[in-house]
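just coords:
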DNA sequence: CCGCGCAAGATTGGATTCATTTCTTCGTCA
DNA sequence: TGACGAAGAAATGAATCCAATCTTGCGCGG
């Protein structure tokens, strides 16, 4: 299992030791080891990690803030099930933000930065080759984060990290193609553009890459999963 | 005091009744009623709101995730003091995101949407006229949120809301001009562009508006406030 | 007089306990 | 037989309690 690096990126997890539970749950969710909609009972998690519900609740609250779990009052925590609208909006947001960030990164990327990216790419390729889809999704996300880091934008990095996390959930829910994450040649082209310091290419490649990702998602507006049954069955 | 509308925007505060504490503290921080760096002791807040520290801790954790308070292990919670780098990055992020969102809003704005914006503007103007600076800052933020809402982008709205919150903190720390928030004519021009459905104007006006805001902030890299005293005084 | 060390107080971190709500199951009645 | 309802079980919401850490102030020694 890949270790999460969220604590480094977010900086929020500074206090207490619920950060471990947070990271662990997050990894499990992003790697698709826990299906969306799954209930996350506090007792059970406390048992698993040998801690009281207090820490579990803290971790769940943090995950809820990341929109990776949904807290329902008096009912508990569930792995989030993004609606199709949310799915579309996540990628629209990324399409607005990431091309600009990629351009910034391309503008100031040093050879050492490019090296780091290529190392990411290798790991990603290996994960795909080994059939570890969960790791592949997470590494893909980390690749996008890496670009934002090169751009020197910690805040935008956090935003992109969050959007990538939600993207992982979305892919696990709505992916049509099994290879939604296998488009590593797009990543390769991006690295080349960044290495060549060509802002325009980086921007456009990122845009088309995101469009391509979205095209692998079924976002047709078929009777949102969020509609209550009582609403749907009103006509009977 | 203006009532916060964060619960509506975020949707995270669905469970428990710590949302009230969260909203209240957030309003106080954004309205500059609590200075950055102020310690927020759990006991004291629990006393104020007549709840146990449990709920206070939950609220503080949520605020920490918003980067409005900083949690230091075994030391407690403090109102966040954004560094100048953070300040710059917040506005750089806004400069990347908001012009595009403004263009989207302009593309699809209906007259009713424009009406809502103008009502916002009136309130903002009144607050400025009455000298209620805190309310003015919050209303200014809500104006920006309103544009994102018109664009129909809930996720980008959340992101912008968060960035505006942090901007409020930044302004209270680094504002040079007392009128950093008084540039309501910029908001007026933006509304006009949106009303005219001219995407380009909206985008450019938003960009220049943000540049103007940033110009009112002192972001010179003078010995960052984050440098440890031991580091600064090493030479003695 | 100043600096160092130690102890008491205060504050946070986390677990436990109690209260409230919801879910499940079983029984009754139509 | 199926539906309604109540009682018990289980899970969450919140307060309280205990442990660990930090801060503060006093005393001691240099």
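On my side now, so go ahead. These numbers were taken from a predicted model, which means no experiment stands behind them.

Going by C-alpha atoms from here, please, whenever you check contacts or count neighbours.
Fine.

Quick check: residue A:32 is in a helix.
No: under DSSP: H, G, I helix; E, B strand; the rest coil, residue A:32 falls outside any helix and is assigned coil.

these two touch, right, it and residue A:136?
No: the pair residue A:32 / residue A:136 is not scored as a contact, 11.0 Å apart, by C-alpha atoms under 8 Å.

which of these two has more neighbours?
Counted by other C-alpha atoms under 10 Å in any protein chain shown, residue A:32 and residue A:136 do not tie: residue A:136 has more neighbours, with 23 against 19.

Retrieve the pLDDT associated with the more buried one.
Predicted confidence (pLDDT) for residue A:136: 87.

Identify the residues contacting it.
By C-alpha atoms under 8 Å, 6 or more residues apart in numbering or on different chains, the contact set of residue A:136 is A:124, A:125, A:127, A:128, A:181.

Please verify my assumption that the second one contacts residue A:184.
Yes: the pair residue A:125 and residue A:184 qualifies as a contact (C-alpha under 8 Å) at a distance of 7.3 Å.

Can you give the domain ranges for chain A?
Split into domains by automatic domain parsing, chain A comes to A:6-10+A:17-79, A:84-215.

Tabulate those domains (JSON lines), appending distance to DNA strand C.
Putting those into JSON lines (distance: least, C-alpha to the nearest atom of the strand, whole Å) gives the following:
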{"stretch": "domain A:6-10+A:17-79", "distance to DNA strand C": "4"}
{"stretch": "domain A:84-215", "distance to DNA strand C": "23"}
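
which one of the ones you listed is the most hemmed in?
Per-stretch averages of neighbours, counted by mean count of other C-alpha atoms under 10 Å in any protein chain shown, single out domain A:84-215 among the domains of chain A, with a mean of 20.

Ends of that domain, what's the gap?
End-to-end distance of domain A:84-215: 13 Å, with C-alpha to C-alpha, to the nearest Å as the criterion.

Check what pLDDT the spatially closest residue to residue A:217 that is not a sequence neighbour gets.
Here the nearest residue to residue A:217 in space, its sequence neighbours aside, is residue A:175; by C-alpha to C-alpha, 6 or more residues apart in numbering or on different chains that works out to 4.8 Å. Residue A:175 is assigned a predicted lDDT (pLDDT) of 83.

check contacts around residue A:175.
Under the criterion of C-alpha under 8 Å, 6+ apart, the contact partners of residue A:175 comprise A:216, A:217, A:218.

and residue A:107, what does it touch?
Contact partners of residue A:107, counting by C-alpha under 8 Å, 6+ apart, are A:194, A:197, A:198, A:199.

Please read the previous query as pertaining to residue A:176.
Going by C-alpha under 8 Å, 6+ apart, residue A:176 touches A:216, A:217, A:218.

gap between the second one and residue B:86?
Look at residue A:217 and residue B:86: by C-alpha to C-alpha, they are 35 Å apart.

How about the last one?
With the distance defined as C-alpha to C-alpha, residue A:218 ends up 37 Å from residue B:86.

same question, the first one
In this structure, residue A:216 and residue B:86 are 35 Å apart, going by C-alpha to C-alpha.

Tell me which stretches of chain A form strands.
Using DSSP state E, the strands found in chain A span residues A:39-40, A:69-72, A:76-79.

which one is residue A:90 nearest to, not counting chain neighbours?
The shortest distance from residue A:90 to any residue that is not its chain neighbour, by C-alpha to C-alpha, 6+ apart, is 6.3 Å, and that residue is residue A:163.

center of chain A - which residue?
residue A:165 (1.7 Å; C-alpha atoms, centre = their mean).

longest helix anywhere in chain A?
Taking DSSP state H as the assignment, the helix of chain A that covers the most residues is helix A:84-108.

Give me the angle between that one and helix B:84-108.
Compare the direction of helix A:84-108 with that of helix B:84-108 by axes from the mean of the first three to the mean of the last three C-alpha atoms, to 10 degrees and you get 130 degrees.

And the residue of chain A that's closest to DNA strand C?
Evaluated by C-alpha to the nearest atom of the strand, chain A has residue A:16 as its residue closest to DNA strand C, separated by 3.2 Å.

Count the neighbours of that residue for me.
Using other C-alpha under 10 Å, residue A:16 has 12 neighbouring residues.

right, and it touches residue B:73 too?
Yes: using C-alpha under 8 Å, residue A:16 and residue B:73 qualify as a contacting pair, with a distance of 6.9 Å.

Residue A:166 against residue A:65, yeah?
No: with contacts defined as C-alpha under 8 Å, residue A:166 does not count as touching residue A:65, sitting 11.6 Å away.

show me what contacts the residue nearest to the centre of chain A?
A:30, A:68, A:141.

quick one: pLDDT of residue A:215?
Each residue has a pLDDT score; the one for residue A:215 is 89.

er, residue A:8 actually
If you check residue A:8, the pLDDT there is 41.

For residue A:149, give me its contacts.
With contact set as C-alpha under 8 Å, 6+ apart, residue A:149 has these partners: A:105, A:157.

Tell me the pLDDT of it.
Reading off the confidence values, residue A:149 has pLDDT 97.
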